[in-house]
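> Whatever this is, show me its structure:
(chains A and B)
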Amino acid sequence: MTNTWQDIKNADVVLCMGDNAAEAHPCGFKWVIEAKIENQAKVIVVDPRFTRTASVADVYAPIRPGTDIAFLSGLIRFLLEKDAIQREYVRTYTNAGLIVREDFGFEEGLFTGYDEEHRSYDKTSWHYEVDEHGYAKVDDTWQHPRCVINLLRKHVDRYTPEMVSRICGTPQDKYLKICELIAGTAAPDKAMTNLFALGWTQHSVGSQNIRTMAMVQLLLGNIGISGGGMNALRGHSNIQGLTDVGLMSNLMPGYLTLPSDAETTFERYMRSRQYKPLRPGQTSYLQNYRKFFVSFQKAVYGDAAQADNDWAYDWLPKLDNDGYDILRAFEMMAKGKINGYICQGFNPLQSFPDRGKSRRALGKLKFLVVMDPLDTETSRFWQDFGPQNPSDPAQIQTEVFQLPTTCFAEEKGSLVNSARWMQWHWKAADGPGEARSDIWIMTGIFHRLREMYRKEGGAFPDPILNLTWNYTDPTAPDPEELAKDMNGYTFVDLKDESGAVVLHAGQLLDSFGQLRDDGTTSSGCWIYTGCYTEKGNQMARRDASDPREQGLAPNWAWAWPANRRIMYNRASADPAGKPWNPAKPLIQWNGSRWVGIDVPDYGLTTKPSDGVGPFINNTEGLGRLFALDLMAEGPFPEHYEPFESPVPNVLHPKVQSNPAARVFADDRAAFGTASDFPYVATTYRLTEHFHFWTKHARINAILQPEEFIEIGEVLAKEKGIEQGGWVRLTSKRGEVVCKAYVTKRIRPMTVNGGPTHVIGVPIHWGFTGQTRKGYGANTLTPSVGDANSETPEFKAFLVNVEKISPPVAEKAANV
Amino acid sequence: MDLRRRGFIQLTGAGLAASTLGAIGFGSSGDALAAAVRPFKLTATKETRNTCTYCAVACGILVYSAGDRAKNARSNIIHIEGDPDHPVNRGTLCPKGSALLDVVHAPTRLKQPKYRAPGSSEFKVVSWDFALERIARLMKQDRDANFVARTAAGATVNRWLTTGMLAASASSTETSYLTWKVVRSMGMLVFDNQARV
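Below you'll find the model as predicted:
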């Protein structure tokens, strides 16, 4: 989230698209209701199903799964055509006026530079035209035919209301009503917030779904303001934290990136991370990258990281591709290229696409380690559970370890919520039996391995032997000590401009502004610096006071970065520093400095007249309507059909699906076509369940006890399916046998002139826990991911459905 | 009747029972029940501030455990409710968060390390020492056999691709930092979390 949960109450329009917050994030959704009641906000819901979120909407419109970019590109066309944009914001805070290279182009579904063989682009032309100083050329009058806003205008011109309706199946009248409501927030004192979640990410075009909306928000001047923003609701309690700390294949803590093979030396690595400003006088804050990197290496390797060994740069593993994401990992596993796998609080057998492939892949491992508080399906993949998990254990040679861990109530530490708040929690009891904390287990494995390398030697032991481990209890480091490590220390006295010592050697740092690249500071995660200072554990703060009741609660816990509650808040004020919305100011210029209720996302004394852009992390200081070379499939979003789609891509039939998405050959062979699988399926959560965890909790298992699908009345009638009757749902990859819930909430849509039926597949079942045994929606889903993030396409795929008689076991149970 | 906030929330927490009694004509019996019984339930418990383990709204919760936390006493969590001080959830919980107690005490909570040998059709209980020693040995064998220090072209790459890890999504940030250190110091690149699914 760029903003906070409570800040939603400041919105004039709430767009829920790609989420179903009323059911998946109920206690956060109360702030949408607050906006509706107290701020007279209009709530818009665009969703394939009439959800509980839709039930409180002012306008609801259905949409075919996987067509959000067409919908939103049409919206951009509408805003530009009606001139319903916040002109001064767009002119001064976005790259609308910057001029793009002459050799950039887009034709028949492809941008310039496409390499069909490698399914990737040479992105050289996706850049600004630059002058002799290397600065981007600009035309603030927007007359130049190749300035970004004119190229955008041309790009979205194809998305007429007729075209949007033809692709998305959304009735034109509803679509246009939504466009008009949204356009109203172009006024400087009006705000729209957007809530999204996996409904946008789990597509082969997931990242571009979100980008398209971010562009809408920039055009409307809704980024950086109270009641605005792009708000990713985030699914798990600390998935934000795990990502911040870089537990992803290509990341290091604080969104630093691992080196690649080509970056053979530290200096070469740094050359591609210089973040040289693309416009004069811009902040381009990531120019400080070297400080963050060196301080990180000092935190991890201590005295072993020195200038003369390039801060132990060589000890970092180097990537030979874009990253070893989950889809690649299971592809490698299925091919016998991975021997060992550790699952920490994660249940891939139910979570990853194409469950049959996952089961086969796990069976090729030499060893599998599962650390979890619960008895997961993954840890029992080898066991025969009948049709839900057929297996012959004698044929599976995998050694499996099932290690019991403590749960949230049995540990202390911080979790990072959707709004980037690091909230500390405390331990209430010990875990059951011999359960141990993840910290204790990881440490136990590490210490044994380190001891073996000490005694026996082996492959390159240096980083293992030199890893810092200065903890009071080395067998189970205290979370507070780990938090201090992440915050970081100074090794020398730090002085301010007057020469006065502000921090003594050995003290905890106050902010990442104090980090240095000469090895005199450490920080395990630079964006967290300030979370645990000499003043104490800032994450444990519990002062809920809220200036002007504006929804920031700045002294509750601690928000990264720098305890800032609303990102890009410089953009909440006009170029002169006056709030666009005087009723809800965040920061403003008082003549000598920036002041307000939030921590300014800007130089504290940078004058408005200096012309420094508000997006200080970007090299040109501006919000990007043109993404340069940062996206895999293009600098502008384009509608591509899901990899399994009922219709051709009517915009460019030769480029049906995302041309830059990676597809493994076996996975491609497992894609189905509309002739065999004529219905569109989409997966989702229920209010009563959380993934595959709550089926272990008795109350939730009673509330939603068994697997089912949702199917519209028209299709049910066509197929002779009764309410609560048994069905077989099949895709090219597998089948699910369960009951059908026949509903009015899903209705057929007219897509490209014909009817399209959508079937809803809740995800929560498996073969362990308190609910009845089930298959899991991922038995059906295709193994293909977004071209940028490799998030699997769970939200749009093809199935067939048929009525069946009850399975034998069910008949017996009913006798 | 002086119903303290906690007593009141307990009354509504008693929920179904009280309101059903009311609905079938027992009048204020629910109030009487709450006043007579409920305040006692938490009197001897310890209150601990925590966060719901499910979604990233991260509702504040109060966890109540029996036991005085003396050295020889074992705490037992007996009740969990929303934290009224929390600026986001303000005491409310959803159908998942309201049932947190049932996941803490789920019958399928794991209590002992278990091991399944190749080809076996069952788990066997093992000691922590056996499990951790064996895991470390398997990892070392694989790392020593497959670690890539340099590419054919001579570039230093120091990577290990034949063992991978999936990190948790509900463990603490501090756990994740320690996990990163351990995993990357070994050179592991097949490493991901649950951000995508």
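> residues in contact with the residue nearest to A:Pro317 when sequence neighbours are not counted?
What sits nearest to A:Pro317 in space, not counting adjacent residues and going by Cβ to Cβ, 6 or more residues apart in numbering or on different chains, is B:Arg159, at 3.9 Å. Any C-beta I mention is one placed from the backbone N, CA and C, and that applies to glycine too. Contact partners of B:Arg159, counting by Cβ atoms under 8 Å, 6 or more residues apart in numbering or on different chains, are A:317-320, B:147-148, B:187-189.
> Would you point out the most distant pair within those residues?
For those, the farthest-apart pair by Cβ to Cβ is A:Leu319 and B:Phe147; their separation is 15.3 Å.
> Mind picking the one among the contacts of B:Arg159 that's closest to B:Pro107?
Using Cβ to Cβ, the contacts of B:Arg159 come closest to B:Pro107 at B:Met188, 34.4 Å.
> Name the residues linked to the closest one by a beta bridge.
For B:Met188, the beta-bridge partners are B:Trp160 (DSSP bridges).
> Give me the distance between it and A:Lys773.
35 Å (Cβ to Cβ, to the nearest Å).
> out of those two, which sits in the busier spot?
B:Met188 (23 against 17; other Cβ atoms under 10 Å in any protein chain shown).
> Distance of the more buried one relative to A:Phe491?
B:Met188 is 29 Å from A:Phe491, by Cβ to Cβ.
> Next: A:Gly536.
When A:Gly536 is compared with A:Phe491 (using Cβ to Cβ), they lie 21 Å apart.
> between the two, which one's more packed in?
Using other Cβ under 10 Å as the criterion, A:Gly536 and A:Phe491 rank with A:Phe491 on top: 16 against 10.
> Next, the more buried one: phi, psi?
Main-chain dihedrals, A:Phe491, degrees, to the nearest 10: phi -100, psi -10.
> That one is in contact with A:Ser523, isn't it?
No - judged on Cβ atoms under 8 Å, A:Phe491 makes no contact with A:Ser523 at a distance of 11.7 Å.
> Could you list the domains of chain B?
Domain assignment for chain B, taken from automatic domain parsing, gives B:1-41, B:45-107, B:110-146, B:147-197.
> Any chance you could note which residues of the stretch 601-750 of chain A sit beside chain B?
By the rule Cβ under 8 Å from any Cβ of the partner chain, the part of the stretch 601-750 of chain A lying against chain B is A:687-690, A:693-694, A:696-700, A:703.
> Please convert the buried members of the residues you listed into ChimeraX selection syntax.
Buried residues within those, by 16 or more other Cβ atoms under 10 Å in any protein chain shown, are selected in ChimeraX with:
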select /A:687,688,689,690,693,694,696,697,698,699,700,703
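> what's the top helix by length along chain A packed up against?
In chain A, taking DSSP state H as the definition, the longest helix is helix A:438-456. Under the contact criterion of 3 or more Cβ pairs under 8 Å, 6 or more residues apart in numbering or on different chains; DSSP states H and E, helix A:438-456 touches helix A:462-466, helix B:128-146, helix B:173-185.
> Residues touching whichever helix or strand comes after the last one, excluding its own?
For helix B:173-185, the following helix or strand on the C-terminal side (DSSP states H and E) is strand B:191-192. Residues from elsewhere that reach strand B:191-192, judged by Cβ under 8 Å, 6+ apart: A:247-249, A:324-326, A:329, B:164-167, B:183-184.
> Between which two of those residues is the distance greatest?
Put simply, by Cβ to Cβ the two of these set farthest apart are A:Ile326 and B:Arg184, 17.6 Å from each other.
> what about the two, which has more around it?
Counted by other Cβ under 10 Å, A:Ile326 and B:Arg184 do not tie: A:Ile326 has more neighbours, with 29 against 22.
> Can you tell me the element A:Ile167 falls in?
helix A:161-168.
> Repeat that for A:Phe794.
Using DSSP H and E, A:Phe794 sits within no helix or strand.
> OK, contacts around it?
Counting by Cβ under 8 Å, 6+ apart, A:Phe794 makes contact with A:198, A:202, A:353, A:682-683, A:763, A:777-778, A:781, B:197.
> what residue lies at the spatial centre of chain B?
With distances taken as Cα atoms, centre = their mean, B:Thr53 lies nearest the centre of chain B, 5.9 Å away.
> gap between that residue and A:Gly345?
On the measure of Cβ to Cβ, B:Thr53 and A:Gly345 end up 10 Å apart.
> Give the residues shared as contacts by these two.
Joint contacts of B:Thr53 and A:Gly345 (Cβ under 8 Å, 6+ apart) are B:Ala170.
> Keeping just the C-alphas, turn stretch A:766-778 into PDB.
Output of stretch A:766-778 as PDB, limited to C-alpha atoms (Å, rounded to 0.1, in the frame of the first residue of the first chain):
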ATOM      1  CA  GLY A 766      -6.700 -30.600   0.700                       C
ATOM      2  CA  PHE A 767      -6.400 -33.900   2.400                       C
ATOM      3  CA  THR A 768      -5.200 -32.900   5.900                       C
ATOM      4  CA  GLY A 769      -7.000 -31.000   8.600                       C
ATOM      5  CA  GLN A 770     -10.600 -30.900   9.900                       C
ATOM      6  CA  THR A 771     -12.500 -30.400   6.700                       C
ATOM      7  CA  ARG A 772     -13.600 -33.100   4.400                       C
ATOM      8  CA  LYS A 773     -10.900 -34.300   2.000                       C
ATOM      9  CA  GLY A 774     -10.700 -32.300  -1.200                       C
ATOM     10  CA  TYR A 775      -8.500 -31.800  -4.200                       C
ATOM     11  CA  GLY A 776      -7.600 -28.200  -4.300                       C
ATOM     12  CA  ALA A 777      -8.200 -25.700  -7.100                       C
ATOM     13  CA  ASN A 778      -4.500 -25.900  -8.100                       C
END
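> So what's the gap between it and the chain middle?
Taking Cα atoms, centre = their mean, to the nearest Å, the mean C-alpha location of stretch A:766-778 is offset from the chain mean by 26 Å.
> what's the answer for stretch A:417-430, then?
Offset of stretch A:417-430 from its chain centre (Cα atoms, centre = their mean): 20 Å.
> for the record, mean pLDDT for that stretch?
Averaged across stretch A:417-430, pLDDT comes to 98.
> quick one: is it near chain B?
Yes - judged by Cβ under 8 Å from any Cβ, stretch A:417-430 and chain B are in contact via A:417-418, A:421-423, A:425-430.
> Flag every buried residue along that stretch.
For stretch A:417-430, by 16+ other Cβ under 10 Å, it's A:417-425, A:427-430.
> Secondary structure for the residues you listed - can I get that in a markdown table?
Below are the buried residues of stretch A:417-430 laid out as a markdown table (DSSP: H, G, I helix; E, B strand; the rest coil):
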| residue | secondary structure |
| --- | --- |
| A:Asn417 | coil |
| A:Ser418 | coil |
| A:Ala419 | coil |
| A:Arg420 | coil |
| A:Trp421 | strand |
| A:Met422 | strand |
| A:Gln423 | strand |
| A:Trp424 | strand |
| A:His425 | strand |
| A:Lys427 | coil |
| A:Ala428 | coil |
| A:Ala429 | coil |
| A:Asp430 | coil |
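> What is the neighbour count of A:Glu88?
By the measure other Cβ under 10 Å, the count of residues near A:Glu88 is 13.
> Would you mind measuring from it to A:Pro188?
Taken as Cβ to Cβ, the span from A:Glu88 to A:Pro188 is 8 Å.
> So for these two, which residues contact both of them?
Common contacts of A:Glu88 and A:Pro188 (Cβ under 8 Å, 6+ apart): A:Asp574.
> Let me see the confidence value for A:Arg516.
Looking at A:Arg516, its pLDDT is 98.
> so who does it touch?
The neighbours of A:Arg516, taking Cβ under 8 Å, 6+ apart as the test, are A:291, A:294-295.
> Find the helix or strand that it is a member of.
Short version: A:Arg516 belongs to no helix or strand, going by DSSP H and E.
> Report the separation between it and A:Tyr313.
Applying Cβ to Cβ to A:Arg516 and A:Tyr313 gives a distance of 17 Å.
> now swap in A:Ile44 and tell me
49 Å.
> Repeat that for A:Asn238.
29 Å.
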